[in-house]
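K.L.:
coords please:
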Amino acid sequence: MQHVKTVKMLIVDDEPVICQGLHYTIDWADYGVEVVAEAYDGYEALQVVQEQKIDLVLTDIRMEGMDGLQLAKELKLRHPQIRVIMISGYEEFEYARQAIKLDVTDYLLKPVDIDELVAAVTGIVEDIRNQDIRADGSSKDAELWLSDMAAHYETSLAKAVPGDLVNGAEYKLMATQLEKFSNLAASVSEQDLTMLQHVWIRTVRESLETSGIRQVSVFVHKNLLLTLLMTDQPRPKRQWEEILQAMLDAWPEEHRLYGAVSDAYASPDQTAAICSQVRALLPYYALEQRPLLDREYKSEVDNGRVLHDFDSADMVSKLSVALFKQDADMLEELIDGMFRFFRDQRYLLTDMVNVCDELSIMLRQRLRQSGLTQLEHGLERTIDLEVFNHPDAIRLAISTEVFDLLQLIDRVGIDRSFWIIEKAKKYMADHYLSDLKASEVAAYLKITPSYFSNIFKQSTGKSFSEYMNELRINEARKLLLTTQDKVFEIADRVGYKEYKYFVSVFKLYTGMTPKKYRVLNIKE
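P.N.:
Numbers count the residues shown, from 1 in each chain. Alright, predicted model coming up:
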């Protein structure tokens, strides 16, 4: 009977009562999880990770000392195999954005829903167990060793190199993939896909053997074959290119085979580090469909590419309006425009996915704030770049998610006046420094002032004047701490013509006068 792995989890929060609640409220053993320790800040958590085998860290984002984001950064650097679930009490886009960059597996908002947390953890447990399944007993030691190198775990680095791999004069590592794999996977059975993989390995092996190159190949993903190439004597770079291009050209199937190859290296001990470098080359294929990718091509592309940031916040606002207007044509135009931007700016697949993941989080947060409570708090899905290895596939994935949201909004019947309020908020944010009146906003929206006041209060929970005061006081707080302007000058700059009225409103919102606020916060 096959051993079922128990996932080791560490809980991190600077409030012991929360740690204990997360530890004991759920019977984690029922889900294949053992809570091995609790830690009360990031530093303590890193110490636990050093001393014990940890698979999963469940951490708060805001803590004294080292916070959750710093902890995730250190874990990514020192222990990249450890999965992280981040818990935040703040629906702020910046936190979600940073979490994505740090490869956080899931991002949950307080108060944490037990079912949601269990679903996130059990999904990770299943993924970890799947990764732990190695080739069966008939697999060669060399294939198992190469699989371990591809995993790039710290424990892999200490693995002894199999004897038949140590006598090469020169090594290269190659990663090959099938183009537009998501289309292929959707059109064939698992059995057909397995047969295709056999053809794939045979094509690589026979082509290389013809050129006198020894090789070991292993699938680390159903669309990613890693091949370690070995020669008894060094070969010129040009000869390597001809051999590998001939191998790719020998592929007999309809879906094109392309690959990324490392520079030559002298020792198989370097293979673990080189695995990640080679895999990072594969997203460059989408730029020009170059079949053989290497470090020189990457450098050439990177030197000629200036990546301009995509305005995710603006896109979220426009998507929200289109969703609540139930305007499918507008959604298509927005998504088309986004991918035209990606193409014109020469975005890599990884760049596209980062933007799409950020959009997914920001859009779902915006919709939840607007009453669509049926949405999950965490990341809806992750785009597997080994499967969705083409811009059209990524576009289809994000388009499917957006149109699923469109249907959900239609089904639950969220108030269609939302898009009016979104337009009003944008106008108010652009004009709040002037003496803006509710009647002016209503005129801009082409609705009556009384109707505007009514739906604005229903949507935001605040009156027009309360909302405007918040905008202005927040700006005043920034100016008090970042400029040397006098208080009466700041009052005028944020739209208050009467100094005394500004002071009274400021005190109402902050509990102190502007002068006291400046003194206390600058000292801090």
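
K.L.:
Could you use CA atoms for every contact and neighbour count after this?
P.N.:
Fine.

K.L.:
How many neighbouring residues does residue 122 have?
P.N.:
Neighbourhood size, residue 122 [other Cα atoms under 10 Å]: 16.

K.L.:
what's the distance between it and residue 34?
P.N.:
Distance, residue 122 to residue 34, using Cα to Cα, to the nearest Å: 12 Å.

K.L.:
One more: residue 453?
P.N.:
Distance from residue 453 to residue 34, by Cα to Cα: 53 Å.

K.L.:
Please apply the same query to residue 117.
P.N.:
15 Å.

K.L.:
For those two, indicate the residue with more neighbours.
P.N.:
Set side by side, residue 117 and residue 34 show more neighbours around residue 117, with 21 against 18, by other Cα under 10 Å.

K.L.:
Let me see the ranges of the strands in the stretch 201-350 of the chain.
P.N.:
Counting by DSSP state E, counting those that start in this stretch, the stretch 201-350 of the chain has strands at residues 214-221, 224-231, 257-261, 292-293.

K.L.:
So what's the model's average confidence on the last one?
P.N.:
Per-residue pLDDT values across strand 292-293 average out to 95.

K.L.:
what does stretch 79-91 give?
P.N.:
On average, stretch 79-91 scores 81.

K.L.:
swap in stretch 101-121?
P.N.:
For stretch 101-121, mean pLDDT is 85.

K.L.:
residues touching residue 247, list them.
P.N.:
Counting by Cα atoms under 8 Å, 6 or more residues apart in numbering, residue 247 touches 203-204, 207-208.

K.L.:
The residue most central in space within the chain: what's it in contact with?
P.N.:
With distances taken as Cα atoms, centre = their mean, residue 100 lies nearest the centre of the chain, 3.6 Å away. Taking Cα under 8 Å, 6+ apart, we find residue 100 in contact with 354, 357-358.

K.L.:
out of those, which are buried?
P.N.:
354, 357-358 (16 or more other Cα atoms under 10 Å).

K.L.:
where along the chain do the strands fall?
P.N.:
For the chain, the strands defined by DSSP state E cover 7-12, 33-39, 56-60, 83-88, 106-109, 170-178, 214-221, 224-231, 257-261, 292-293.

K.L.:
So which elements touch the last one?
P.N.:
With contacts defined as 3 or more Cα pairs under 8 Å, 6 or more residues apart in numbering; DSSP states H and E, the secondary structure elements packing on strand 292-293 are strand 257-261.

K.L.:
so how far is the strand it packs on off the chain centroid?
P.N.:
Distance of strand 257-261 from the chain centroid (Cα atoms, centre = their mean, to the nearest Å) equals 25 Å.

K.L.:
that older thread, what's the farthest-apart pair in the contacts of residue 247?
P.N.:
Within the contacts of residue 247, 203 and 208 form the most distant pair, 8.5 Å apart (Cα to Cα).

K.L.:
mind listing the helices in the stretch 151-300 of the chain by residue range?
P.N.:
Along the stretch 151-300 of the chain, counting by DSSP state H, counting those that start in this stretch, helices occupy 181-187, 190-210, 237-249, 271-279, 285-288, 295-303.

K.L.:
So which bits of the first one are buried?
P.N.:
Buried residues in helix 181-187, defined by neighbour count with 16+ other Cα under 10 Å: 181-182.

K.L.:
which other residues reach it?
P.N.:
193, 223, 255, 386-389, 393.

K.L.:
out of those residues, which is most surrounded?
P.N.:
residue 389 (24 neighbours).

K.L.:
Contact partners for the closest residue to that residue other than its chain neighbours?
P.N.:
Using Cα to Cα, 6 or more residues apart in numbering and skipping residues adjacent in sequence, the residue nearest residue 389 is residue 180, 5.9 Å away. Neighbour list for residue 180: 255, 387-390, 393 [criterion: Cα under 8 Å, 6+ apart].

K.L.:
Residue 162 and residue 144 touch, don't they?
P.N.:
No. Counting by Cα atoms under 8 Å, residue 144 is not a contact partner of residue 162; they are 9.6 Å apart.

K.L.:
Please pull out the lowest mean pLDDT helix or strand from the chain.
P.N.:
Taking mean pLDDT, DSSP states H and E as the measure, the chain has helix 93-101 as its least confident helix or strand, at a mean of 71.

K.L.:
What is the end-to-end distance of stretch 75-85?
P.N.:
Length of stretch 75-85, first residue to last, Cα to Cα: 12 Å.

K.L.:
My error: substitute stretch 163-179 in the last question.
P.N.:
With Cα to Cα, one end of stretch 163-179 sits 35 Å from the other.

K.L.:
Could you pull out the buried residues of that stretch?
P.N.:
165, 168, 170-179.

K.L.:
ok, of the contacts of residue 247, which one's closest to residue 264?
P.N.:
So of the contacts of residue 247, ranked by how close each gets to residue 264 (Cα to Cα), first place is residue 208, at 15.8 Å.
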